[in-house]
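# any chance you could fold what I've pasted below:
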Amino acid sequence: MPRIRTSRTRPPPEGFEDIEGILEEYETKMRDAENESQEGKRKAEGVWGIMRITHMRSRYIYDLYYKREAISRELYDWLLEQGYADAALIAKWKRTGYEKLCCVRCIQSRDMNYEGSTCICRVPKAQLRPGTFVECVHCGCRGCSSAD
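Purely as a prediction, here's the structure:
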């Protein structure tokens, strides 16, 4: 006999109603990106839209809590717990030099060609040759170095 699922999530804290509409818009954009046709795209290019929307939604919640101080700590923790934002990415944004980071995967050295390196999008544009086109393979970012 299958287990009966019970909802153990607590109700949203006060203030969620104020941002619920915007979060629903992000959810609609996410569904559209997930259902988008993959025809004519490279293998990795299929998830770029999803990564961008995740980044925008996480940045929105980060700005609400840390920059504008418009939401409470309780609501912020609840949003992270419910998966509305990427907690690991927000944790990196709080550190110096990672303020514009596009995704956590771009700073993981295990996925890169050279040991101990990071993604090409993390290299400041001033250090690249003139006319060099930079595009991250993982997320499609065109440069998220804090020095830019």
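
# and Gly46, what does it touch?
Taking C-beta atoms under 8 Å, 6 or more residues apart in numbering as the contact definition, Gly46 lies against Gln38. Every residue, glycine included, has its C-beta placed from N, CA and C.

# ok, and the closest non-adjacent residue to Met56?
Tyr26 (6.9 Å; C-beta to C-beta, 6 or more residues apart in numbering).

# tell me the buried residues in the helix or strand hosting the one you found?
Secondary structure from DSSP states H and E places Tyr26 in helix 16-35. The neighbour-count check on helix 16-35 (16 or more other C-beta atoms under 10 Å) flags 16, 19, 23, 26, 29-30, 33 as buried.

# which strands and helices sit next to it?
The helices and strands touching helix 16-35, judged by 3 or more C-beta pairs under 8 Å, 6 or more residues apart in numbering; DSSP states H and E, are helix 48-62.

# counting by contacts, list what the helix it packs on packs against.
helix 16-35, helix 73-81, helix 87-93.

# buried ones in the second one?
This means helix 73-81. Neighbour-count burial for helix 73-81 [16+ other C-beta under 10 Å]: 75-76, 78-80.

# low-confidence ranges, this protein, go.
1-8, 115, 148 (pLDDT under 70).
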